[in-house]
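Colleague: Next come a sequence and a model predicted from it.
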Amino acid sequence: MSEFDTQKDKYVTFQSGNEFFGLKIEYVNEIIVFQEITEIPESADYVKGLINLRGKIIPVVDVRLRFHQEPIPYTDRTCIIVINFDNLVVGLIVEKIAEVVEIPAENILPSPSIGKNDNSKNKFVSGIGKVGDDVKLLLDPARLLRDEDLAVVGQLNDDKDEAQEGEE
């Protein structure tokens, strides 16, 4: 069985507010404890700044703020999920990791549309996963990370990589 087969239908779930969200495990590089963040002046409020992860500079986004939820203080349960999507490595600050769950494709419903005044979180949701009696909102990293503010951060990453290559 290939590594992809073992990851198929698996999601890392986390809590934000009263809701549980899921991210395909194939996008998750690692989950790390919350650490010191260097702020980026004049960035969007949900772009908290940059962290140094073993020499690699990674932008971090507060998921609660990205969803337009009230900010809460970070605790010892706060984690950073480091994801890699479309060659962009980003840390997602989440309240707390729940678990890794398997959600077969037949248990995933399309994301509902509730009209024009749709909840702002729903624009980041690609589907709804049924896990027993629970529901997990499955996030689409493309929708979550495609943004002018993050493009600037992604550019920062590219510039740094090129600078490091020039030094070698």
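Modeller: Received the coordinates, thanks. Residues are numbered from 1 along each chain as shown.
Colleague: what's the spacing between the residue nearest in space to the middle of the chain and N29?
Modeller: By Cα atoms, centre = their mean, the chain has its centre lying nearest to L92, at 4.3 Å. Using Cβ to Cβ, to the nearest Å, L92 is found at 11 Å from N29. The way it works is simple: take the backbone N, C-alpha and C, and place the C-beta from them, glycine included.
Colleague: Identify the contacts common to the two.
Modeller: V82, I83 (Cβ atoms under 8 Å, 6 or more residues apart in numbering).
Colleague: give me the element the residue nearest to the centre of the chain is part of.
Modeller: Remark: L92 resides in strand 88-94, with elements defined by DSSP states H and E.
Colleague: Could you list every helix and strand that that strand packs against?
Modeller: Judged by 3 or more Cβ pairs under 8 Å, 6 or more residues apart in numbering; DSSP states H and E, the packing partners of strand 88-94 are strand 10-16, strand 47-53, strand 56-62, helix 63-66, strand 79-85, helix 141-145, helix 148-167.
Colleague: which residues does the spatially closest residue to the residue nearest to the centre of the chain that is not a sequence neighbour contact?
Modeller: Among residues not flanking L92 along the chain, I81 sits closest, at 4.6 Å (Cβ to Cβ, 6 or more residues apart in numbering). For I81, the contacting residues are V12, F14, L23, V28, I31, G91, L92, V94, I97, by Cβ under 8 Å, 6+ apart.
Colleague: hmm, back to that, the strand holding L92 relative to strand 10-16, how many degrees between them?
Modeller: 50 degrees (axes from the mean of the first three to the mean of the last three Cα atoms, to 10 degrees).
Colleague: Kindly export the helix or strand following strand 88-94 (C-alpha atoms) in PDB.
Modeller: As assigned by DSSP H and E, the chain's next helix or strand after strand 88-94 is strand 96-102. Provided in PDB are the C-alpha atoms of strand 96-102 (Å, rounded to 0.1, in the frame of the first residue of the first chain):
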ATOM      1  CA  LYS A  96      -7.000  22.900  19.600                       C
ATOM      2  CA  ILE A  97      -6.400  19.800  17.600                       C
ATOM      3  CA  ALA A  98      -9.200  17.300  17.900                       C
ATOM      4  CA  GLU A  99      -8.200  14.100  16.100                       C
ATOM      5  CA  VAL A 100      -7.400  12.400  12.800                       C
ATOM      6  CA  VAL A 101     -10.500  10.900  11.300                       C
ATOM      7  CA  GLU A 102     -11.400   8.900   8.300                       C
END
